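*Asks:* Mind folding the following:
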Amino acid sequence: MIYNLKEKILNLNVIYYFILIFFIQLIPSIILMVFNVENTNTSVNIIEQFNNIIITFLFVVVWGPIFETVIFQFILINLIKTFTQNTKYTMFLSIVIPSIVFGSSHPYNIYYFAFGTIIGLVYSSTYYISQFFRKENGFIIVLLLHSSNNLLAFLTN
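*Replies:* Model (predicted):
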């Protein structure tokens, strides 16, 4: 059964694959909304002090996702994959370590650390699967996912 699921995911059209991952990434956000977890995101609060919606939009929806995708997926995953190549833990370490580091970069409260780690798992596994199994541009796929998630957050705040 798991093998069939893996094959179906690997054979999905890239648009359907993106849509699937897009909805999976929404699950943690929905959970935070249901439990009414307060957003104490200090970096966004600092950006909002500019009182300029365009600058806030650029930081939250464009530059932030580019920076974080470069650091947490592209660089970390490729470094870990390089240093652990030919081991049976390469994929596991390449997904889990960047996810925990991503979660640690969102330390606003314990909920956001957990949220960041879970979203990090979604982004890291999407990058890994896209880049190394599906042979697509994992960077662009994760960047679009991350930007779309931040866009939804931007529009709902």
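*Asks:* contacts and neighbour counts: CA atoms only from here.
*Replies:* OK.
*Asks:* After the lowest-mean-pLDDT helix or strand in the chain, which helix or strand is next? Please name it.
*Replies:* One helix or strand of the chain scores below all others by mean pLDDT, DSSP states H and E: helix 42-48, with a mean of 61. Moving toward the C-terminus from helix 42-48, the next helix or strand (DSSP states H and E) is helix 53-57.
*Asks:* I'd like the next helix or strand past that following helix.
*Replies:* helix 64-68.
*Asks:* Tell me the buried residues in that following helix?
*Replies:* Buried positions in helix 64-68, judged by neighbour count with 16 or more other CA atoms under 10 Å: G64, P65, I66, E68.
*Asks:* for that helix, packing partners?
*Replies:* Secondary-structure packing of helix 64-68 (3 or more CA pairs under 8 Å, 6 or more residues apart in numbering; DSSP states H and E): helix 138-156.
*Asks:* what do you get if the cut-off is 6 Å, keeping everything else the same?
*Replies:* If contacts are counted by 3 or more CA pairs under 6 Å, 6 or more residues apart in numbering; DSSP states H and E, helix 64-68 sits against no helix or strand.
*Asks:* contact partners of that helix?
*Replies:* H146, S147 (CA atoms under 6 Å, 6 or more residues apart in numbering).
*Asks:* quick one: it to chain centroid distance?
*Replies:* 10 Å (CA atoms, centre = their mean, to the nearest Å).
*Asks:* Mind telling me what element the residue nearest the centre of the chain is part of?
*Replies:* Closest to where the C-alpha atoms of the chain average out (CA atoms, centre = their mean) is Y123, at 3.4 Å. If you go by DSSP H and E, Y123 is part of helix 110-128.
*Asks:* how far off helix 138-156 does that helix point, in degrees?
*Replies:* 150 degrees (axes from the mean of the first three to the mean of the last three CA atoms, to 10 degrees).
*Asks:* residues in contact with helix 110-128?
*Replies:* Counting by CA under 6 Å, 6+ apart, Q73, I95, S99, I100, F102, G103, H106, P107, G138, V142 sit against helix 110-128.
*Asks:* Buried by neighbour count: which residues of that helix qualify?
*Replies:* For helix 110-128, by 16+ other CA under 10 Å, it's 111-128.
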